[in-house]
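Asker: Here's a sequence, model it:
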Amino acid sequence: MFQNNFKPFSEDELPQGFNYPVKYLELSKNLKPLHSIPYFSWWFYDAVEPLDETMEIYFSLTGCKNLIVFARDGDWAACFDATDFSGDPKVLVYDLGNRENHYEKKNFDEWLKFVISEI
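Answerer: Got it, this is the predicted structure:
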């Protein structure tokens, strides 16, 4: 089953000055470009719970504050750095089963290219 779209956290909930990357917002409306990639296993996070509660949960799991989760793959969580106000925020990726196991990417585009190349 393919995910066709997802709901990002609302602008009202985001930290003042934080902006999502353009590509992320485009994908939120149409994930079909990713459907042609065999075995793409990341699931984009649907913002259902309030952002402050979600950030608190991810802080307790990672020990890192200011994470805006946007995608999951099993125990792995990809998050934007909520303190990056560039409009092209850094991506932090954590293994929620082992917080010592994590990596970061310069931005969403770099993260997406990386996860696709790892398939």
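Asker: Can you name the residues that contact the residue nearest the centre of the chain?
Answerer: For the chain, the residue lying nearest the average C-alpha position, counting by CA atoms, centre = their mean, turns out to be Phe70 (2.4 Å). Neighbour list for Phe70: 8, 24, 44-45, 78-80 [criterion: CB atoms under 8 Å, 6 or more residues apart in numbering]. To be clear about C-beta, it is placed using only N, CA and C from the backbone, and glycine gets the same treatment.
Asker: at 6 Å what do you get?
Answerer: Under the criterion of CB atoms under 6 Å, 6 or more residues apart in numbering, the neighbours of Phe70 are 45, 78.
Asker: Now do the worst-scoring helix or strand of the chain on mean pLDDT: distance to the chain's middle.
Answerer: The helix or strand of the chain with the lowest confidence, counting by mean pLDDT, DSSP states H and E, is helix 32-35 at a mean of 89. Averaging C-alpha coordinates over helix 32-35 and over its chain gives two centres that are 17 Å apart (CA atoms, centre = their mean, to the nearest Å).
Asker: I'd like the next helix or strand past the helix ranked longest in the chain.
Answerer: Among the elements of type helix in the chain, defined by DSSP state H, the one spanning the most residues is helix 51-62. If you walk from helix 51-62 toward the C-terminus, the next helix or strand you reach (DSSP states H and E) is strand 67-73.
Asker: Show me what secondary structure element comes after that next one.
Answerer: Past strand 67-73, further along toward the C-terminus, the next helix or strand under DSSP H and E is strand 76-81.
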